[in-house]
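Chemist: need a structure here:
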Amino acid sequence: MHETLLSGLTLAASGPEIPSVDEFLPPEILFQGTPFAMNRIILVRVIMTVIMLIVLGVSAAKAKLIPGRWQGFIEWGIEYVRDKIVYEVMGETRGKRYVPMITTLFFTILLFNICGIIPGMNIAATATIMMPLAFALWTFVQCWRTACREQGFFTYLKKECIPQGVPAPVLIIAIPIQLLDVVVIRPVSLTVRLFANMLAGHIIVALCFSATQFFLIEAHNWMAAFGAATFLFGFIMTLFEGFVAYLQAFIFATLSTVYINLSYPDRKST
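Modeler: Here you go, the predicted model:
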């Protein structure tokens, strides 16, 4: 009895394996030492991208005038982004130009996020900084392109950096802050919001199931009850991560649409 208790306490002291940042910097597993080297996260991105292209390609090739269930589902998804995100923010006249871009952003981010709860992948393709940064840069390239086309570079910059009705002395502080917001804060906030949420979600889920493995499989004693609790919590968090995957895709797509709309001289929906 004493030896069993001592063994359990020794295992408890060693503790479960805690997820670390090394999980997001995995070693190369394909084409090592070449410019095409891939680690697990890059491989997940490639696999999901190929799956998306195949599914969309086959769906487009088999599209009919009267859609079946699958075609209807695909069209519903596109119409959801068009009506509930793009047209809701920008209006139909202005928004038509950006429906393809925002739809691509939404579904790519959504499916990349969902990789975190797909068995065998087990990590979101957006859980490292470079992928969210690439999406954010695409958004802001489009923002500046729209601003230059609709207003002109300097007119847009002047309007953003010099708010109407602000007293001249306050502009000394306001102009640098507004410039920082347009050039740095907006793209960084888009990047960090997506990256941090998917990173945190992965760590929490991994920690729960790591604790489950430790308490149920390795401990073999009265601490198994903790394993059941961590398994239940891990299952709930996995479901929650599915919701977060959708929510972060929706937020990113909506904010991207808002920022592009801000590039127009008249920011009202048309």
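Chemist: what is the mean pLDDT for the lengthiest helix in the chain?
Modeler: As assigned by DSSP state H, the longest helix anywhere in the chain is helix 224-261. In this model, helix 224-261 has an average pLDDT of 89.
Chemist: now do stretch 201-208
Modeler: Taken as a whole, stretch 201-208 has an average pLDDT of 82.
Chemist: which helices and strands sit right next to the longest helix of the chain?
Modeler: helix 87-90, helix 99-114, helix 130-150, helix 186-213 (3 or more C-beta pairs under 8 Å, 6 or more residues apart in numbering; DSSP states H and E). Quick note: C-beta positions are derived from backbone N, CA and C, even for glycine.
Chemist: Tell me which of these sits nearest to residue 81.
Modeler: Closest to residue 81 of the helices and strands packed on helix 224-261, according to C-beta to C-beta: helix 99-114, at 4.6 Å.
Chemist: Ok, which of the helices and strands packed on helix 224-261 comes nearest residue 225?
Modeler: Nearest to residue 225, of all the helices and strands packed on helix 224-261, is helix 186-213, at 11.5 Å by C-beta to C-beta.
Chemist: Find the nearest non-adjacent residue to residue 74, please.
Modeler: Excluding the flanking residues, the one nearest residue 74 by C-beta to C-beta, 6 or more residues apart in numbering is residue 59, at 5.2 Å.
Chemist: hang on, I meant residue 216
Modeler: Distances taken as C-beta to C-beta, 6+ apart put residue 227 closest to residue 216, at 3.5 Å, once the chain neighbours are dropped.
Chemist: Count residues in the vicinity of that neighbour, would you?
Modeler: Using other C-beta atoms under 10 Å, residue 227 has 19 neighbouring residues.
Chemist: any idea how far residue 201 is from residue 163?
Modeler: Distance of residue 201 to residue 163, given as C-beta to C-beta, to the nearest Å: 37 Å.
Chemist: These two - which one has more neighbours?
Modeler: residue 201 (23 against 12).
Chemist: Was I right to think that one contacts residue 239?
Modeler: No - with contact taken as C-beta atoms under 8 Å, residue 201 and residue 239 are classed as non-touching, separated by 11.4 Å.
Chemist: Tell me which residues of the helix or strand hosting the residue nearest to residue 74 come out buried.
Modeler: According to DSSP states H and E, residue 59 maps onto helix 40-61. Neighbour-count burial for helix 40-61, counted by 16 or more other C-beta atoms under 10 Å, picks out 40, 41, 42, 43, 44, 45, 48.
Chemist: Could you check the pLDDT of the second one?
Modeler: At residue 41, the pLDDT value in this model is 87.
Chemist: Tell me which residues touch the residue nearest to residue 216, please.
Modeler: 211, 212, 213, 214, 215, 216, 217, 219 (C-beta atoms under 8 Å, 6 or more residues apart in numbering).
Chemist: Tell me which residue lies nearest the centroid of this protein.
Modeler: Closest residue to the average C-alpha location of the chain: residue 194 at 4.2 Å, with C-alpha atoms, centre = their mean.
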